[in-house]
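> only the shape, not the letters, is given here:
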């Protein structure tokens, strides 16, 4: 990723130099977020245990353990969780799976030559503008093993429209919640 990141960073740096004045930014809020150490430790232990449960194929049951644990230990976290964003992730991945099963989609992807790196790169960049970069990468991996070109394409595409990257949507949500 180094060549792509270098070029994109250079473009960003040049754009910043040409777009913004050299005024110092002063931070008015120097408080650090408060970390609930007990909840952090519980979450770390549950994460490790969840990874083990995946290996042992008990992840479905362990999700209930995690939910109940968080319900008791981190009730405030559950109430503050952005369930809409989580639902968006779920819906996009379910929809993506269903869309990939459509015969029209399968015919379209069969017509594209994903052995051609240019086609693969442009497909990743274009699809990222429609369904975001992570789902695009997951979709393209089913049609090509050229992971580097897929990564390049979806990373280029992830810098386009707002929907192109879930990170953009998350950042927008944070901006809206902080402006209240």
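Now that the structure is in, tell me what you want to look at. It should be emphasised that the depicted structure is a prediction, and the values quoted were computed from it without experimental measurement.

> burial measure for residue 121, as a count.
For residue 121, the neighbour count with other C-beta atoms under 10 Å is 20. Where you see a C-beta, it was placed from the backbone N, CA and C, and this is true even at glycine.

> let me see the contact set for the residue nearest to it when sequence neighbours are not counted.
The shortest distance from residue 121 to any non-neighbouring residue, by C-beta to C-beta, 6 or more residues apart in numbering, is to residue 153 (4.3 Å). Contact analysis of residue 153 by C-beta atoms under 8 Å, 6 or more residues apart in numbering lists 120, 121, 122, 123, 124, 125, 128, 136, 140.

> show me which of those is closest to residue 65.
residue 136 (33.4 Å; C-beta to C-beta).

> wait, the closest one sits on residue 152?
No - between residue 136 and residue 152 there is no contact under C-beta atoms under 8 Å: 12.0 Å.

> so between those two, which is more surrounded?
residue 136 (25 against 20).

> Three-state assignment for that one, please.
helix (DSSP: H, G, I helix; E, B strand; the rest coil).

> which residue, other than its chain neighbours, is closest to it?
residue 127 (4.0 Å).

> now for the helix or strand where that neighbour lies, which elements pack on it?
Assigned by DSSP states H and E, residue 127 falls within helix 117-131. When contacts are defined as 3 or more C-beta pairs under 8 Å, 6 or more residues apart in numbering; DSSP states H and E, helix 117-131 packs onto helix 133-141, helix 147-157.

> by mean pLDDT, show me the worst of those.
Least confidently modelled of those is helix 133-141, at a mean of 86 by mean pLDDT.

> and for residue 74, the neighbour number?
18.

> now flag whichever of the contacts of residue 153 is closest to residue 34.
residue 128 (36.1 Å).

> shared neighbours of residue 136 and residue 152, anything?
Here residue 136 and residue 152 share the contacting residues residue 124, scored by C-beta under 8 Å, 6+ apart.

> quick one: the residue nearest to residue 121 and residue 147, what's the gap?
Per C-beta to C-beta, to the nearest Å, residue 153 is found 11 Å from residue 147.

> likewise residue 155?
12 Å.

> likewise for residue 59?
25 Å.
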